[in-house]
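1. sharing a sequence plus its predicted fold:
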Amino acid sequence: MKKNIVITIARQYGSGGRTVGEMLANDLGIHYYDKELIKLASEESGINEGLFLDADEKLRNNGFFKVPVNVYKGEIIGPDSKDFTSTDNLFNFQAKSIKKLAETTSCVIIGRAANFVLKDYDNVLSVFVHAPHDFLMQEAGKVQPLKGKELEKFCAREDKYRSDYYTHHTGQKWTDAMNYDLCLDSSKLGFEKCVEAIKAHAKVRFGEDIFD
C-alpha cells in the first residue's frame with residue numbers, strides 16, 4: 001500500500017461483519033485486530049490482560065452503562081489514581097493502542113468504537129455492517145446453540161451491549177449512519193461483495209492505486 005489505511009468495522013450480531021473484516025484483511029494482506037487489541041492495551045498500560053477481559057464480561061452481564069455517559073477525549077488516568085484500572089481508563093488504553101496502530105500500519109479493526117477514536121484521522125475508512133432480522137437469526141444460529149426466542153434474546157442482548165458501549169464512550173448512537181463512511185447490508189451483498197464494496201470505496205476515497 002502507498003500509505004497506512006485503517007478500516008474500522010462495527011457490526012450487528014449475526015451480520016457477518018467480523019467475517020467480512022477477516023476476509024478483507026486476508027485479501028489485502030494486512031493485520032486484523034479484534035480481541036487482540038486487549039493484549040496491546042495490556043502491554044501499553046502494564047495492566048493485567050485479565051482485568052480487561054473481566055471488565056468486558058462484567059459490562060456485558062451487569063448493565064454497567066446505567067452510569068452517565070463518559071465521552072472519550074483522549075486522556076489517560078495515571079497509575080497514582082484509584083481510577084487507573086477503571087472501566088473507562090481501560091477503554092482509554094485500548095483507544096491509545098488503536099491510535100498507535102493507525103499511525104504505524106495498515107489494518108482492519110473490529111468494534112471498540114474505533115471509528116470514533118479515529119474520527120480525526122484522514123487515513124481511516126469506517127464501515128457499519130447490518131442486515132434484516134431474519135438474516136441475522138439465520139447467521140447467528142450457525143454459531144450459537146440456541147433457537148427461536150432464546151436466540152433472538154441472545155442477539156438482542158449482544159447488540160444492546162455494543163450499542164450501550166458505543167454510546168457510553170462516544171455520546172453518539174451506534175446505528176447512526178452519519179457516524180460511518182459506509183453502511184452495508186450483508187444480506188443483499190453477501191460477504192465477498194461486502195469486501196469488494198469496501199475496497200471500491202477505499203479506491204474512490206484514497207486513489208485507484210491505493211492497494212498497489
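-> Right, received. Where do you want to start?
2. got any ranges where the chain has weak pLDDT?
-> Low-confidence segments of the chain (pLDDT under 70): 2, 62-67.
3. contacts only, for residue 172.
-> Residues in contact with residue 172 (C-beta atoms under 8 Å, 6 or more residues apart in numbering) are 116, 166, 179. In short, each C-beta sits where N, CA and C put it, glycine included.
4. and stretch 87-96, what's buried?
-> Within stretch 87-96, the residues that count as buried by 16 or more other C-beta atoms under 10 Å are 87, 89, 90, 91, 92, 93, 94, 95, 96.
5. wait, the last one touches residue 77, no?
-> No - proximity of residue 96 to residue 77 does not meet the contact threshold set by C-beta atoms under 8 Å, at 11.6 Å.
6. quick one: contacts for residue 25?
-> Taking C-beta under 8 Å, 6+ apart, we find residue 25 in contact with 31, 32, 107, 108.
7. contacting residues around residue 175?
-> Shown in contact with residue 175 (C-beta under 8 Å, 6+ apart): 128, 130, 163.
8. and for residue 55?
-> Contact analysis of residue 55 by C-beta under 8 Å, 6+ apart lists 87, 90.
9. check which helix or strand it maps to.
-> Using DSSP states H and E, residue 55 maps to helix 49-62.
10. can you name every helix or strand that whichever helix or strand comes after that helix contacts?
-> Using DSSP H and E, the helix or strand that follows helix 49-62 towards the C-terminus is helix 87-104. Where contact means 3 or more C-beta pairs under 8 Å, 6 or more residues apart in numbering; DSSP states H and E, helix 87-104 is packed against helix 36-45, helix 49-62, strand 107-110, helix 114-117.
11. residues touching the last one, excluding its own?
-> For helix 114-117, the external contacting residues (C-beta under 8 Å, 6+ apart) are 6, 8, 10, 72, 95, 98-99, 124, 126, 166, 169-170, 172, 179-180.
12. center of the chain, which residue is that?
-> residue 111 (0.9 Å; C-alpha atoms, centre = their mean).
13. next up, the contacts around the closest residue to it other than its chain neighbours.
-> Nearest residue to residue 111 in three dimensions, chain neighbours excluded: residue 10, at 6.2 Å (C-beta to C-beta, 6 or more residues apart in numbering). Residues near residue 10 by C-beta under 8 Å, 6+ apart: 17, 111, 113-115, 126-129, 162, 166, 174, 180.
14. redo that, cut-off 7 Å
-> 111, 115, 128, 174 (C-beta atoms under 7 Å, 6 or more residues apart in numbering).
15. helix, strand, or coil at it?
-> Secondary structure state of residue 10, per DSSP: H, G, I helix; E, B strand; the rest coil, is strand.
16. in the longest helix seen in the chain, what's buried?
-> Ranked by residue count and defined by DSSP state H, the top helix of the chain is helix 148-170. Neighbour-count burial for helix 148-170, counted by 16+ other C-beta under 10 Å, picks out 151, 155, 158-159, 161-170.
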